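>>> Quick check, what structure comes out for this input:
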Amino acid sequence: MLRVPPSRHTVGGQLALLVLVIICWGMVGRDPLPVTTLGPPQEVYTSYPSLGVHTRLTDEVEPRKIKRTLQMVRELGASWVVEYFPWAYAEPEAGRYDFTHADLLVNHALQQGLKVIARIDYVPAWARPADSTVRLLPEEAYQRYAAFVAVFAHHFRGRVNYIVVWNEPNLVFEWGMRPADPEAYTRLLAQSYKAIKAVAPETQVLAAGLAPTEGDGANMSDLEFLKRMIMAGGGQWMDGLAAHAYGRTVPATEPPDAGRINFRRVELYHDMLVRAGYEGLPLYITESGWNDNQHWVWAVSPAQRIQYTLSALQVARDWPWCRVLAVWVLRLPWRTYTFQDNFTMVDTDFEPLPLYLEVQKWVGEK
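Prediction:
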């Protein structure tokens, strides 16, 4: 009998079948991957209702990790979560929106009883010049950003009630590798405010948190930037001011000083608003903290980090104009192997670090 050798297609099919059999055999007796559900509604029990944390769930893809992170926010005794919602992720093409991941994150936060503050920046490629940084937003594209934040506000109406317009625009890096321009930022804020209020009047629009800096070259001092922003009419285009309050190497109790970066520097922001006639505008501290990486120039010891953070909570308790004090940062999705890891309160494997446990204890005792 004439024997015909198998064709390449026949051999390929046999190999594919063999691989499938091996995979199926390996799965025999194994439980399927668990489905992450929202679970029952939760409530935050805390003696410090203005406590919050900044999370970094934007790049966390596993629902179970998103849920666990937000559970740990609640278990800390924090009522607020600040999160980054990149524009480019949700509108990759002009007019095509995808809020799948954002919805997942917000729904889990609300189920844990948390209030969400959304920071929005990161420019999609279609809204900026070719080969430019994702933080470059040309003025002719301001209306595109304003249109997106309005869509975001409408989509999350009643779920996300606080939106921060941009981030640290007094820095060259955050302003698209251009010199800081408070007047231009105020125009962006005004367009965004009007667009949001048109679709969600109750949503609170917050001016961007500024990077605490004395100013060096193209970077502008946060105090100078805020002064010029107010002079340009910025006070009428915000419901509150986001703020970044980092302590560097000094205690939280050190008095504010225009020539020195410290935690209480935000008092100077409030004073500036009061002098301009905006005493009713609250501050939302969306980032704050100390770092204990001993290889970093602004490091403190682990014990000092805990002590200064607890002191900051006590200091901020006496600020009636401060609605939120959020610590940077609860957890990062992965290790950076830089000083950034030493801002976290929880390790990547969800192991609470000493700062988390001490803040949790302090909040529970007060």
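>>> Just the pLDDT at Gln304, thanks.
For Gln304, the pLDDT comes out at 98.
>>> likewise the one 4 residues further on?
In this prediction, Tyr308 carries a pLDDT score of 98.
>>> what ranges do the helices span in the stretch 151-300 of the chain?
For the stretch 151-300 of the chain, applying DSSP state H, counting those that start in this stretch gives helices covering 182-199, 222-231, 266-275.
>>> want to throw these into CSV with distance to Pro129, mean pLDDT and mean neighbour count?
Backbone N, C-alpha and C define where each C-beta goes, glycine included. Listed next are the helices of the stretch 151-300 of the chain as CSV, based on distance: least, C-beta to C-beta, whole Å; pLDDT from 0 to 100; neighbours: other C-beta atoms under 10 Å:
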stretch, distance to Pro129, mean pLDDT, mean neighbour count
helix 182-199, 16, 98, 20
helix 222-231, 24, 98, 20
helix 266-275, 33, 98, 18
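>>> closest one to Ala243 among these?
Comparison of the helices of the stretch 151-300 of the chain against Ala243 by C-beta to C-beta identifies helix 266-275 as nearest, at 4.8 Å.
>>> to the chain's geometric centre, what's the distance from that closest one?
Chain-centre distance of helix 266-275: 24 Å, with C-alpha atoms, centre = their mean, to the nearest Å.
>>> what does that helix contact?
Here helix 266-275 makes contact (C-beta atoms under 8 Å, 6 or more residues apart in numbering) with 222-223, 226-227, 230, 235, 241, 243, 245, 256, 258, 279, 281, 283, 285, 319, 321-322.
>>> Touching, Val324 and Glu287? I think so.
No. Taking contacts as C-beta atoms under 8 Å, Val324 lies outside contact range of Glu287: 10.7 Å.
>>> So those two - more neighbours on which side?
Applying other C-beta atoms under 10 Å to Val324 and Glu287 shows that Val324 carries more neighbours, namely 27 against 22.
>>> on that earlier part again, list residues touching both of Val324 and Glu287?
Residues touching both Val324 and Glu287 (C-beta under 8 Å, 6+ apart) are Val82.
>>> For Phe350, which non-adjacent residue is closest in space?
In this structure, Phe350 finds its nearest non-sequential neighbour in Arg68, 5.8 Å apart by C-beta to C-beta, 6 or more residues apart in numbering.
>>> So what would you say the end-to-end distance of stretch 318-330 is?
Taking C-alpha to C-alpha, to the nearest Å, the first and last residues of stretch 318-330 lie 24 Å apart.
>>> Tell me the buried residues in it?
Across stretch 318-330, burial judged by 16 or more other C-beta atoms under 10 Å covers 319, 321-330.
>>> possible to save those residues as TSV with pLDDT?
Output for those, formatted as TSV (pLDDT from 0 to 100):
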residue	pLDDT
Trp319	98
Trp321	98
Cys322	98
Arg323	98
Val324	98
Leu325	98
Ala326	98
Val327	98
Trp328	98
Val329	98
Leu330	98
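>>> Quickly name whichever of those residues is closest to Pro302.
Nearest to Pro302 out of the buried residues of stretch 318-330 is Val327 (C-beta to C-beta; 15.1 Å).
>>> what's next to the host helix or strand of the closest one, contact-wise?
Element membership for Val327 (DSSP states H and E) is strand 322-328. Residues from elsewhere that reach strand 322-328, judged by C-beta under 8 Å, 6+ apart: 50-54, 78, 80-82, 117, 240, 245-246, 266, 282-289, 309, 312-313, 316, 343, 345, 359.
>>> okay, the angle between that strand and helix 266-275?
On the basis of axes from the mean of the first three to the mean of the last three C-alpha atoms, to 10 degrees, strand 322-328 is oriented at 150 degrees to helix 266-275.
>>> could I have strand 322-328 exported to PDB, CA atoms only?
Presented in PDB, the C-alpha positions along strand 322-328 are these (Å, rounded to 0.1, in the frame of the first residue of the first chain):
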ATOM      1  CA  CYS A 322      -9.200  72.700  54.700                       C
ATOM      2  CA  ARG A 323     -11.700  70.200  53.400                       C
ATOM      3  CA  VAL A 324      -9.300  67.300  52.700                       C
ATOM      4  CA  LEU A 325      -5.900  66.200  53.700                       C
ATOM      5  CA  ALA A 326      -4.800  63.400  51.400                       C
ATOM      6  CA  VAL A 327      -1.500  61.500  51.900                       C
ATOM      7  CA  TRP A 328       0.600  60.700  48.900                       C
END
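>>> Show me how far that strand is from its chain's centre.
12 Å.
>>> and the next helix or strand after it, which residues are buried?
Sequence order places helix 354-365 as the next helix or strand after strand 322-328, per DSSP H and E. Neighbour counts over helix 354-365 (16+ other C-beta under 10 Å) mark 355-356, 358-360, 362-363 as buried.
>>> Let's see the pLDDT reported for the residue nearest to Phe350.
Listed pLDDT for Arg68 reads 98.
>>> Same question for the one 4 residues further on.
Turning to Met72, the model gives it a pLDDT of 98.
>>> same question, Tyr45
Predicted confidence (pLDDT) for Tyr45: 97.
>>> doesn't it fall inside a helix?
No. Tyr45 sits outside any helix when classified using DSSP: H, G, I helix; E, B strand; the rest coil, being coil.
>>> separation between Ala245 and Ser221?
With distances taken as C-beta to C-beta, to the nearest Å, Ala245 is found 15 Å from Ser221.
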